[in-house]
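Asks: Structure here, sequence nowhere to be found:
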């Protein structure tokens, strides 16, 4: 009898082979740009060069790793509750540093509301991460802890988004991250916004060149906070003052990637900015 050929093994799709953390870092993070802004915010608040960083909600703590690369005296602490994400950061970000640089980074599986014996010059909560706290009491208590975790001359840095387009439900923003046969695109889905309590749901999906998708690689269930609310809560938590950094536009209205302290800004359907609390 003729032999029956073995069934072919199905080839994995690009989505099945993808590493969601690599996709995230390529799509969302620019750690070197973050470090430059941290330096600017600290220098404009106090003068001098900041040396210590604490990254709350640090995830894979890529910003911590970039921070210690930027100066031989810099140290960084990352805080997050997800052990798998932290371990990925150790295996893929920390491992790429030189041994002397690795010694200046520490990542802990802890609640960001925990006090630390080690104080920092700069403390960050990026990518809207503190929006996980949905009441004023929760946010103010977190901000009080942040203030305690800062040195006497310290800054607390958060990014914020807003504009009417950011409230639209069932809307997805798409950006091509890498072109070609190995490329992929980033999809930011605004799934739900409740105008009564400002609770919102967002998803990150990735689509690959072979048409496969990594759906809901990341999901977020937040309260949509506004700039005035955040500045008021910083004041209630004891910060001496706060600044809003708005991106500078050129003569044609194109963003330059540079930031300046502003108290007025043009209305825009979708915007990003930084809010910086000064201890």
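Replies: Yes, it's here. The structure presented is a predicted model; accordingly, all values stated were derived computationally and were not measured.
Asks: List the buried residues of stretch 192-208.
Replies: Within stretch 192-208, the residues scored as buried using 16 or more other C-beta atoms under 10 Å are 193, 198, 200, 202-208. Bear in mind the C-beta positions are built from the backbone N, C-alpha and C, glycine included.
Asks: With secondary structure added, can I get the residues you listed in CSV?
Replies: Listed next are these as CSV, based on DSSP: H, G, I helix; E, B strand; the rest coil:
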residue, secondary structure
193, strand
198, coil
200, strand
202, strand
203, strand
204, strand
205, strand
206, strand
207, strand
208, strand
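Asks: Farthest-apart pair in these, please.
Replies: Largest separation among these by C-beta to C-beta: 198 and 208, giving 33.7 Å.
Asks: related to what we said a few turns ago, list just the nearest of the buried residues of stretch 192-208 to residue 185.
Replies: Nearest member of the buried residues of stretch 192-208 to residue 185, counting by C-beta to C-beta, is residue 207, at 4.9 Å.
Asks: how far is stretch 129-148 from where the chain is centred?
Replies: Distance, stretch centre to chain centre, for stretch 129-148: 16 Å (C-alpha atoms, centre = their mean, to the nearest Å).
Asks: which stretches of the stretch 51-200 of the chain form helices?
Replies: Ranges of helices in the stretch 51-200 of the chain, per DSSP state H, counting those that start in this stretch, are 62-69, 83-92, 99-102, 136-148.
Asks: those strands in the protein, which residues are they?
Replies: For the chain, the strands defined by DSSP state E cover 52-56, 75-80, 105-109, 120-125, 150-162, 171-178, 184-194, 199-208, 213-223, 241-249, 255-261, 271-278.
Asks: The third one pairs with which strands, parallel or anti?
Replies: It refers to strand 105-109. strand 75-80 (parallel) (DSSP bridges).
Asks: same question, the longest one
Replies: Strand pairing for strand 150-162, using DSSP bridges, gives strand 120-125 (parallel), strand 271-278 (antiparallel).
Asks: Strand partners (parallel or antiparallel) of the lowest-mean-pLDDT helix or strand in the chain?
Replies: The weakest-scoring helix or strand in the chain, judged by mean pLDDT, DSSP states H and E, is strand 255-261 (a mean of 89). Partners of strand 255-261 in the sheet, by DSSP bridges, are strand 241-249 (antiparallel).
Asks: What residues of the strand it pairs with count as buried?
Replies: Quick answer for strand 241-249 (16+ other C-beta under 10 Å): 242-247.
Asks: cool, stretch 149-158 as well?
Replies: Neighbour-count burial for stretch 149-158 [16+ other C-beta under 10 Å]: 149-151, 154-158.
Asks: again with stretch 79-96
Replies: Applying 16+ other C-beta under 10 Å to stretch 79-96 flags 79-80, 85-86, 88-89, 92-94 as buried.
Asks: And stretch 78-94, how far out from the chain middle?
Replies: 14 Å.
Asks: What of stretch 235-250?
Replies: Relative to its chain's centre, stretch 235-250 lies at 17 Å (C-alpha atoms, centre = their mean).
Asks: quick one: terminal-to-terminal distance for it?
Replies: Terminal residues of stretch 235-250 lie 33 Å apart, using C-alpha to C-alpha, to the nearest Å.
Asks: Perfect, that will be all.
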